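Enquirer: only geometry, no sequence info:
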């Protein structure tokens, strides 16, 4: 009987000794839980490790607590759809625990959401609270496009002229009528937000009609127009011009003039003497400018007499269609 009791005590003590964990076992469990990203279990196993007599490892438990805090903050940001900030927190976590597969998966999810979600749905760092998030979204406004354009371009233009002259020559009285001609040439347009400068080089056919015959003056004209943009398309313009008369047709013509009050006579006017004449005046107009086209009307008023003994001044109403090449 004595031997049987001793044998029973030996077997029982051996069983408990075999089934009990050592502090090394708890340490292995804690490090395994940490590697798997289960920081709560890693903390519990570490506490059991200390209870079983394991030496203190402050660096480990500090790392566990930091990882646990980072994971909690990252999850809050992720749930609030602040994926850019959540990704940054998960990356900090991976730097401390590279084997955390859950954090790696969340980083991949953040990248996917950032690629597919519009930027306006991303929250600012302080807007983890849903109420704060909605307030921030209401306050954000999309950037407004600029109202006016800026560019430098060149182009061509052309169109009909409706011209005449004003006659204030003493003792030569007649009634000239409108002559229909045309103009064409080049333009250079410099546009700032609400104003612009447009120098031009044009050929201009103008003149007048007398007794059913057309008198054509052929000018090279250089306007310098200052433009103001009422909106993105509509403009008004004003500026001086200089013209050089290089040809006239016909060279001469007899016309009826009233030299005296009591009878009329005919006078021979030699138009070829007007060649090489110069004209300085002003122009005023309005129009529309589109992407590559412009449409405008302009009135040109000459201020110079065509000759010393002829007080004739040019008057031209022009309609233009322009094309821009490098706008």
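Expert: Good, I have the coordinates. Fair warning: this is a prediction, and the values are worked out from it, not measured in the lab. Numbering: from 1, shown residues only.
Enquirer: okay, CA-based contacts and neighbour counts for the rest of this
Expert: Noted.
Enquirer: I'd like the next helix or strand past the host helix or strand of residue 269.
Expert: Using DSSP states H and E, residue 269 sits within strand 265-270. The first helix or strand that comes after strand 265-270 along the chain, using DSSP H and E, is strand 278-289.
Enquirer: what lies in contact with the next helix or strand after that following strand?
Expert: The helix or strand immediately downstream of strand 278-289 is strand 293-302, counting by DSSP H and E. Applying CA atoms under 8 Å, 6 or more residues apart in numbering, the external contacts of strand 293-302 come out as 279-289, 313-324.
Enquirer: now stretch 309-318
Expert: If you take CA under 8 Å, 6+ apart as the criterion, stretch 309-318 is touched by 159-169, 206-207, 297-306.
Enquirer: mind listing what's buried along that stretch?
Expert: Neighbour-count burial for stretch 309-318 flags 311, 312, 313, 314, 315, 316, 317, 318 (criterion: 16 or more other CA atoms under 10 Å).
Enquirer: what of stretch 158-174?
Expert: Within stretch 158-174, the residues scored as buried using 16+ other CA under 10 Å are 158, 159, 160, 161, 162, 163, 164, 165, 167, 172, 173.
Enquirer: cool, and stretch 60-72?
Expert: For stretch 60-72, burial by neighbour count (16+ other CA under 10 Å) applies to 60, 61, 63, 64, 66, 67, 68, 70, 71.
Enquirer: so of the residues you listed, which ones are in strands?
Expert: Applying DSSP state E to the buried residues of stretch 60-72, no entry is found in strands.
Enquirer: for those, give me CSV that also has distance to residue 234.
Expert: CSV is the format used below for the buried residues of stretch 60-72 (distance: CA to CA, whole Å):
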residue, distance to residue 234
60, 73
61, 73
63, 68
64, 69
66, 64
67, 64
68, 64
70, 59
71, 60
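Enquirer: now intersect these with the helices, please.
Expert: Here DSSP state H is the test, and the buried residues of stretch 60-72 give 60, 61, 63, 64, 66, 67, 68, 70, 71 as lying in helices.
Enquirer: chain center to stretch 296-303, what's the gap?
Expert: How far stretch 296-303 lies from its chain's middle: 35 Å, per CA atoms, centre = their mean, to the nearest Å.
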